[in-house]
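[1] here is my input, please return the structure:
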Amino acid sequence: HPPELPGATEPGASAAARRLLSFVCPFALRRVDRCSLAAENRQAEYRYPSIAKRALAMVPHLITALTGPINELEQRILESLPAIERWFRLEWMEHTPPFYTSVDVRNAGFKLAPVDTNLFPGGFNNLTAEMLPLAVQAAMAAIEKICPEAKNLLLIPEKHTRNTFYLANVARLMQIFHMAGMNVRLGTLDDTITVPTPIELSDGTQLTLEPLIRNRGRLGLKDFDPCTILLNNDLSAGIPKVLENLHEQYLLPPLHAGWAIRRKTNHFAAYEEVAKKFAKLLGMDPWLINPMFARCGEVNFSDGTGSECLMSNAEALLAKVKRKYKEYGIQEKPFIIVKADAGTYGMGIMTVRDPKELAELNRRSRNKMSVIKDGQEVSEVILQEGVPTYERVNDAVAEPVVYMIDRYVVGGFYRVNAERGIDENLNSPGASFVPLAFAESNQLPRPGVKPGASAPNRFYMYGVIARLAMVAASYELEATDPDAEIYE
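    Okay, the predicted model is just below:
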């Protein structure tokens, strides 16, 4: 692991480190639920009791002495706020935002970048009640733009009927769209459910899953004909026939947003383009907000096929990162993340600090990398520049996750993992999702406040980076749309 600096309150901390460790991160801690990875559609449950004891007394800190570039970036973003918001407005005049998006952001002190963009977010249950008005207003705006006359919305979730934490996410989505003025019912892709089936939630309430009914070009439920169909299923297992050729209804997100077709390398190629545009606007190095990446196709971890591609690309990417570290005087040891080019759930991910590690994978590591969600085999991977996270909730590594509906930031939370290091994937066993609410009206930035000292300003900066990833997702979906009109 790269060396970690001591905390601000520890005896070994230098005076400079103590000064740089004082800023408040973007959300104020309000409560801690019994959380689990199920919020992102995983099964295992994990407690994080140490947070609860001190929840009201602390907020996350950035544990690094390298805050200079980030404070400079924050100041530049705040000074450019009118130009930035105009830039986003112009982008959305030309491009359509995804219906909803969540973005994992990593703050290294010297770099701030998105590392994952999810177009089927599954953690809405981690948004606190204070965030609901923003979510409802954004949902209203999205529905009015797509289908103003809509009254019925069909929500199709994952097949996790026993995963109560994921179902809490579904319940929260139903609440949001009900409050936005829609009649919302649940249809399931699970063929074993042939009649309306009630599912008990942990809070004593119920959801009713109903079998889908296909009637020529429309999809609905018994006595329920929706204008809009909202997928909260990422289609990792493929595109079901029942969802194909629905030309009379709005299907959101579109089928090519699912992992059956979508690739992370397409997304980060689009993000690279967006980051360059944005960096030119601000007069800065795009690397400060953009993780470099490479791609390997035709990989088989079980039999070692494609290992040469992995090693050569890893070596080249690490060399690029080392040059950037040298340019900025960063003393950390760079690393890369190798992960499946399709899929989510924190599966099929490994940290690599030396290309030789890829030639020495043990059987357990090969098995771990070979299969992702729904038993899908990994044959394509993305090698991504690792962005360490120096944020902490107590002594546990944390990263902010920003949630958006349409083009609006509606809230977020911290993913926390006491069992992982600054250079590892946090969406893994041992993780908790700590619901974080705005302390006051922290959605609005506060110009004039010293960089690194304002929670609203820091959150605004995170929201800008997340929105850049959302613009990239819009570019990506346009480029991969199988039904796009082609103009000669």
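
[2] give me the element the residue nearest to the spatial centre of the chain is part of.
    Nearest to the mean C-alpha position of the chain, counting by C-alpha atoms, centre = their mean, stands Val103 at 2.9 Å. Per DSSP states H and E, Val103 falls inside strand 100-107.

[3] who does that strand pair up with?
    If you go by DSSP bridges, strand 100-107 pairs up with strand 112-118 (antiparallel), strand 396-405 (antiparallel).

[4] and those, which one averages the lowest pLDDT?
    Among the strands paired with strand 100-107, strand 396-405 has the lowest mean pLDDT, at a mean of 89.

[5] next helix or strand past that strand?
    Next element after strand 396-405 (DSSP H and E): strand 408-417.

[6] tilt between that next one and strand 100-107?
    50 degrees (axes from the mean of the first three to the mean of the last three C-alpha atoms, to 10 degrees).

[7] so what's the nearest residue to Glu399 once chain neighbours are set aside up against?
    Spatial nearest neighbour of Glu399, excluding adjacent residues (C-beta to C-beta, 6 or more residues apart in numbering): Thr389 at 4.7 Å. In this view, the C-beta of every residue, glycine as well, is placed from N, C-alpha and C. Going by C-beta atoms under 8 Å, 6 or more residues apart in numbering, Thr389 touches 106-108, 397-399, 422, 426.

[8] dump those residues to TSV, plus neighbour count.
    As requested, the contacts of Thr389 are exported to TSV (neighbours: other C-beta atoms under 10 Å):
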residue	neighbour count
Arg106	22
Asn107	27
Ala108	25
Val397	25
Ala398	27
Glu399	23
Ile422	24
Leu426	26
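
[9] burial of Pro445, as a residue count?
    19 (other C-beta atoms under 10 Å).

[10] just confirm it is within a helix.
    No. Under DSSP: H, G, I helix; E, B strand; the rest coil, Pro445 sits outside any helix and is assigned coil.

[11] if I look at it, how far off is Met131?
    Taking C-beta to C-beta, to the nearest Å as the criterion, Pro445 is separated from Met131 by 17 Å.

[12] likewise for Asn394?
    Distance from Asn394 to Met131, by C-beta to C-beta: 23 Å.

[13] between those two, who's got more neighbours?
    Met131 (24 against 17).

[14] setting the sequence-adjacent residues aside, check what's closest to that one.
    The shortest distance from Met131 to any non-neighbouring residue, by C-beta to C-beta, 6+ apart, is to Gly411 (3.3 Å).

[15] bridging residues for that neighbour?
    Under the criterion DSSP bridges, Gly411 forms beta bridges with Tyr403.

[16] returning to that earlier point: rebuild the contacts of Thr389 as a markdown table, extending it with distance to Glu298.
    Shown next, in a markdown table, are the contacts of Thr389 (distance: C-beta to C-beta, whole Å):
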| residue | distance to Glu298 |
| --- | --- |
| Arg106 | 29 |
| Asn107 | 35 |
| Ala108 | 32 |
| Val397 | 34 |
| Ala398 | 36 |
| Glu399 | 31 |
| Ile422 | 32 |
| Leu426 | 29 |
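
[17] from these, which two are the most distant?
    Greatest spacing in these, by C-beta to C-beta: Ala108 and Leu426 (13.9 Å).

[18] low pLDDT regions in the stretch 251-400 of the chain?
    The stretch 251-400 of the chain contains residues with pLDDT under 70 at 300-306, 344-348, 361-378.

[19] all strands for it, in order.
    293-296, 336-340, 349-352, 381-385, 391-393, 396-405 (DSSP state E, counting those that start in this stretch).

[20] which strands and helices sit next to the first one?
    Packing partners of strand 293-296 (3 or more C-beta pairs under 8 Å, 6 or more residues apart in numbering; DSSP states H and E): helix 264-282, helix 307-327, strand 381-385.

[21] and if you look at the second one?
    For strand 336-340, the helices and strands in contact under the criterion 3+ C-beta pairs under 8 Å, 6+ apart are helix 307-327, strand 349-352, strand 381-385.

[22] which parts of that strand are buried?
    Within strand 336-340, the residues that qualify as buried by neighbour count (16 or more other C-beta atoms under 10 Å) are 336-340.

[23] for that strand, what is the distance to the chain centroid?
    In terms of C-alpha atoms, centre = their mean, to the nearest Å, the gap separating the centre of strand 336-340 from the centre of its chain is 16 Å.

[24] nearest to Ser432, of the helices and strands packed on strand 336-340?
    Of all these, strand 349-352 sits nearest to Ser432, with 18.2 Å by C-beta to C-beta.

[25] circling back to that earlier point, surely the residue nearest to the centre of the chain meets Asp116?
    Yes. Val103 is in contact with Asp116 according to C-beta atoms under 8 Å; the separation is 7.2 Å.

[26] that's a strand at Leu153, yeah?
    Yes. Counting by three-state DSSP, Leu153 falls inside a strand.

[27] let me see the contact set for it.
    Applying C-beta under 8 Å, 6+ apart to Leu153 gives the contacts 143, 177, 182-185, 226-230.

[28] tell me how many other residues crowd the closest residue to it other than its chain neighbours.
    Excluding the flanking residues, the one nearest Leu153 by C-beta to C-beta, 6+ apart is Met182, at 4.3 Å. If you count neighbours by other C-beta under 10 Å, Met182 ends up with 24.

[29] what separates Met182 from Thr188, distance-wise?
    Counting by C-beta to C-beta, the gap from Met182 to Thr188 is 19 Å.

[30] equivalent analysis for Cys296, please.
    Taking C-beta to C-beta, one finds Cys296 at 36 Å from Thr188.
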